[in-house]
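1. Could you look at this predicted model? Sequence included:
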Amino acid sequence: MEGAPVEKKSFAFSGDSLVVDADNSELEIVPADIEDVRVSRQVDGWVFMGEGPDAVWGLKDGRLTLRVECDAVASHCDSVHRVQVPRGVAVTVEDDNGKVTADGFDTDLKIRSDNGAVVVRDSSGALDLASNNGEVVVEGDTTSGRVVARSDNGAVRISLSAVPGRVEAASDNGEIDIAVPDATYDVDGRSDNGSVRIDVPTRKGSAHVVTAHSDNGEVVVRSAN
């Protein structure tokens, strides 16, 4: 998106939760010490025998809508939306087509991408993450006590900086790699087509539970230390 003009807009907001409804755009979402919702976007591309790229944005009833449409015989349209939300707001993301990155949240995050990677960094709230086609990654200084991560077609990689209460990871087609701090875990690691390696202390009934299931790919649960 280098060279594409940057447009910015602020939306009045009140509440403790926000839904971000996006299509055909990469999303970058962070909390900030603000009272409104702030969005910057870059849109670029071309169409042959058609219209676009046409960008639409709006916030109504707690739902932020971000759209980029290209309707043509042939087209190539790119866009990036960077969203700042008030600190303390729980965020749900529904993205039909595009990578989603969330960074620095201490509230719950629920992210769904139909076609694109999901990446969360430096967060501490509960995480519920899924992609139908793309990897799911939790990294950085993330201390979430509960993490649920799934990809229908892609790897799942989770690295935590604090001992979690529960981690659930699944992939229909991709490897799973979970790195957790030293502790004793109740681990259920399985793969229908791939090796399984558990390199953490285990005990049935532990308060720290890890499940990792892949239909096609290696499964690893290891120490992050």
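-> In hand now; what should we look at?
2. rest of the way, CA atoms for contacts and neighbours
-> Noted.
3. Now do the contacts for the residue nearest in space to the middle of the chain.
-> With distances taken as Cα atoms, centre = their mean, the residue of the chain nearest its centroid is residue 118 (3.2 Å). Taking Cα atoms under 8 Å, 6 or more residues apart in numbering, we find residue 118 in contact with 99-101, 111-112, 129-131, 134-137.
4. 7 Å instead?
-> The contact partners of residue 118, taken as Cα atoms under 7 Å, 6 or more residues apart in numbering, are 99-101, 131, 135-137.
5. Sort out for me which of these are in strands.
-> Of the positions in these, 100-101, 131, 136-137 sit in strands, assigned by DSSP state E.
6. Just give me the closest of those residues to residue 190.
-> Distances from those to residue 190 were compared by Cα to Cα; the smallest belongs to residue 136, at 18.2 Å.
7. Flag the shaky bits of this structure, pLDDT-wise.
-> 1-3, 45-53, 69-77 (pLDDT under 70).
8. Kindly recompute the last result at 90.
-> Low-confidence segments of the chain, defined by pLDDT under 90, span residues 1-6, 23-26, 41-56, 67-80, 96-98, 225.
9. rewinding a little: return the entry from the contacts of residue 118 with the maximum number of neighbours.
-> residue 136 (30 neighbours; other Cα atoms under 10 Å).
10. Identify the residues contacting it.
-> With contacts defined as Cα under 7 Å, 6+ apart, the neighbours of residue 136 are 117-119, 130, 149-151, 155-157.
11. Out of the residues you listed, which sit inside strands?
-> In this view, those that belong to strands under DSSP E are 118-119, 130, 149-151, 156-157.
12. Which of the residues you listed sits closest to residue 92?
-> residue 130 (11.6 Å).
13. what pairs with the closest one across the strands?
-> Taking DSSP bridges, one finds residue 112, residue 150 as the beta-bridge partners of residue 130.
14. pretty sure it contacts residue 150?
-> Yes: Residue 130 is within contact range of residue 150, at 4.7 Å (criterion: Cα atoms under 7 Å).
15. quick one on the thing from earlier: CSV for the ones in strands among the contacts of residue 136, including distance to residue 13?
-> Below are these laid out as CSV (distance: Cα to Cα, whole Å):
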residue, distance to residue 13
118, 25
119, 25
130, 27
149, 29
150, 31
151, 32
156, 34
157, 34
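16. Now the buried members of these.
-> The neighbour-count criterion (16 or more other Cα atoms under 10 Å) marks 118-119, 130, 149-151, 156-157 among the ones in strands among the contacts of residue 136 as buried.
17. for these, which one is nearest residue 208?
-> When these are compared for distance to residue 208 (Cα to Cα), residue 149 comes out closest, at 16.4 Å.
18. Return the residues in contact with the closest one.
-> Contact analysis of residue 149 by Cα under 7 Å, 6+ apart lists 128-130, 136, 156, 168-170.
19. Any chance of those residues in CSV with distance to residue 10 as columns?
-> Formatted as CSV, the entries for the contacts of residue 149 read as follows, by distance: Cα to Cα, whole Å:
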residue, distance to residue 10
128, 27
129, 27
130, 28
136, 29
156, 34
168, 36
169, 36
170, 37
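20. burial of residue 58, as a residue count?
-> Applying other Cα under 10 Å, we find 13 other residues in the vicinity of residue 58.
21. From residue 139, how far out is it?
-> Between residue 58 and residue 139 the distance, using Cα to Cα, to the nearest Å, works out to 31 Å.
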